[in-house]
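All I have is the shape, not the residue letters:
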């Protein structure tokens with residue numbers, strides 16, 4: 001007796017909903033060309049048998065791909081691949097300094113909140129925190145789709161030199177790197193993979209428990225002060241990390 005995908009991949013052991021896991025699997029099949037553009041994909045019954053899950057679960061997974069515009073259903077004909085997911089928005093989470101300063105082409109930034117408060121939770125053991133920080137919660141959009149929600153904490157002494165235009169146009173590190181007299185001498189970045197909770201799912205227009213990418217950044221100035229902390233959450237399907245190996 002052949003094992004189903006459910007048995008091989010252990011879908012039931014994950015906190016991520018089965019239909020989301022299967023949508024990721026099917027999306028990869030389209031991306032890799034296993035399901036070519038223009039071809040009909042297997043029926044719901046066939047996929048249900050292959051994956052070892054209920055037909056309703058397959059319909060949910062296929063529904064996500066249809067909502068993304070990857071497949072198209074035709075009455076009495078079947079479901080066909082419409083396009084590959086490379087056409088989706090890609091967001092490169094850079095691993096070099098110049099890349100971290102670059103803005104996303106065609107992106108816009110929406111300010112959700114702007115407050116003053118105490119030191120943020122810091123993920124990196126660098127720099128000495130200041131007493132107060134300006135906290136910005138921002139949502140980044142491109143092609144009518146939110147792809148990043150971020151909390152940015154800037155040392156309040158420096159935040160006064162950041163203009164409203166900067167806040168709605170610059171990446172977190174560019175906000176402080178461009179301030180006269182500021183020299184960033186140390187910076188760290190950490191990337192982790194997780195799933196969307198209720199709040200993040202709503203902000204990024206995602207299903208609950210959909211994959212997301214957390215990126216935490218910290219920067220220290222020439223006086224050893226922690227002048228910036230940024231905690232961003234990206235839609236998982238639009239993130240790409242390129243690292244040059246030496």
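That came through, no problem. Here the structure is a predicted model, which is why all the values come from computation and not from measurement. Residues are numbered from 1 along each chain as shown.

element containing residue 21?
Per DSSP states H and E, residue 21 falls inside helix 18-32.

And that helix, what's buried?
For helix 18-32, the neighbour count (16 or more other CB atoms under 10 Å) marks 18-24, 26-27, 29-30 as buried. C-beta coordinates here come from the backbone N, C-alpha and C atoms, glycine included.

And stretch 197-214, by the same measure?
Across stretch 197-214, burial judged by 16+ other CB under 10 Å covers 200-201, 203-204, 206-207, 209-213.

ok so residue 213 is a strand residue?
Yes: using DSSP: H, G, I helix; E, B strand; the rest coil, the assignment for residue 213 is a strand.

who's in contact with it?
Listed by CB atoms under 8 Å, 6 or more residues apart in numbering, the contact set of residue 213 reads 93, 191-194, 233-236, 239.

Let's see that with 10 Å instead.
91, 93, 148, 191-194, 232-241 (CB atoms under 10 Å, 6 or more residues apart in numbering).

what's the pLDDT at it?
Looking at residue 213, its pLDDT stands at 92.

what do you get for residue 1?
So, for residue 1, pLDDT stands at 43.

Filter the contacts of residue 213 down to the ones in helices?
Among these, none falls in helices (DSSP state H).

Any chance of a markdown table for the buried residues of helix 18-32, columns distance to residue 132 and pLDDT?
Formatted as a markdown table, those follow (distance: CB to CB, whole Å; pLDDT from 0 to 100):
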| residue | distance to residue 132 | pLDDT |
| --- | --- | --- |
| 18 | 46 | 85 |
| 19 | 45 | 87 |
| 20 | 40 | 82 |
| 21 | 43 | 84 |
| 22 | 47 | 90 |
| 23 | 44 | 88 |
| 24 | 42 | 83 |
| 26 | 48 | 92 |
| 27 | 44 | 87 |
| 29 | 51 | 91 |
| 30 | 49 | 90 |
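
looking at this, residue 60 is in a strand?
No: counting by three-state DSSP, residue 60 is not part of a strand but helix.

Out of the buried residues of stretch 197-214, which is nearest to residue 43?
Nearest to residue 43 among the buried residues of stretch 197-214, counting by CB to CB, is residue 207 at 23.4 Å.

tell me the contacts of the closest one?
Counting by CB under 10 Å, 6+ apart, residue 207 touches 16-17, 19-20, 23, 60, 64, 67, 195-196, 201.

cool, residue 133 as well?
Neighbouring residues of residue 133 by CB under 10 Å, 6+ apart: 115-120, 152-159, 226-229.

so what's it bridging to?
Beta-bridge partners of residue 133, counted by DSSP bridges, are residue 117, residue 155.

ok, so what distance separates it from residue 238?
Remark: distance between residue 133 and residue 238 (CB to CB, to the nearest Å) = 28 Å.

and residue 172, how many residues sit next to it?
Applying other CB atoms under 10 Å, we find 24 other residues in the vicinity of residue 172.
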